[in-house]
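Novice: got a predicted structure here, sequence first:
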Amino acid sequence: MLKEGRRVRLAVDLRLAGEVVPAGGPGAETGAGAETGAGAGFLALAAGAEGTVERVDEDRPRGPEVREYERLKSLLDDFGHQMPPASRRQLEEQVAELEPAWTAYLERTLRTTVRVRFDNGFVLDDAPGDLFAPA
């Protein structure tokens, strides 16, 4: 289980390649004279590197049907008893139509990302949680 403050160990070798930009600064320039598509950095982290979890984010991406289901279901639960029967029936039908999308959303696994500060000082942010094991 990944939790803030817990020690973790990198479970696989990682190769990180990409553009190098200052932390907290703007991205690379895209104007005249700036090369595009060129990698400017490469870093390899070996499996077994240890660090501390600084942040854990869990998310299930929600599509428009899921958001609409949540909105309509909330409306039905909060105000359905006050609605005229025909309006309530119409709202119940709309909620029922969106029920399969809601069920599929609940069955999806959580996407867990973490921010880990390794003992060597490197920080890996928004990394998939399954790259790490408890230390």
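Specialist: Yep, that arrived. Numbers count the residues shown, from 1 in each chain.
Novice: now the longest helix anywhere in the chain: buried residues?
Specialist: Here the longest helix in the chain is taken by residue count, with DSSP state H as the criterion, and it is helix 85-107. Buried residues in helix 85-107, counted by 16 or more other C-beta atoms under 10 Å: 91, 95, 98, 101-102, 105. Backbone N, C-alpha and C define where each C-beta goes, glycine included.
Novice: just list what that helix packs against, helices and strands only.
Specialist: helix 64-79 (3 or more C-beta pairs under 8 Å, 6 or more residues apart in numbering; DSSP states H and E).
Novice: what comes up buried for the helix it packs on?
Specialist: Buried residues in helix 64-79 (16+ other C-beta under 10 Å): 66, 68-69, 72-73, 76.
Novice: give me the angle between that helix and helix 85-107.
Specialist: Orientation of helix 64-79 against helix 85-107 (axes from the mean of the first three to the mean of the last three C-alpha atoms, to 10 degrees) gives an angle of 130 degrees.
Novice: show me where pLDDT drops low in the chain?
Specialist: Within the chain, the segments meeting pLDDT under 70 span 20-21, 24-40.
Novice: so for the residue nearest the centre of it, what's the nearest residue that isn't a sequence neighbour?
Specialist: Central residue of the chain (C-alpha atoms, centre = their mean): Asp59, 4.7 Å from the mean position. Among residues not flanking Asp59 along the chain, Arg111 sits closest, at 5.1 Å (C-beta to C-beta, 6 or more residues apart in numbering).
Novice: number of residues surrounding that neighbour?
Specialist: Neighbours of Arg111 under the rule other C-beta atoms under 10 Å: 12.
Novice: repeat for the one 10 residues further on
Specialist: In terms of burial, Gly121 registers 7 neighbours under the definition other C-beta under 10 Å.
Novice: and it, helix, strand or coil?
Specialist: With DSSP: H, G, I helix; E, B strand; the rest coil as the basis, Gly121 sits in coil.
Novice: and the gap between it and Gly80?
Specialist: As judged by C-beta to C-beta, to the nearest Å, Gly121 and Gly80 stand 56 Å apart.
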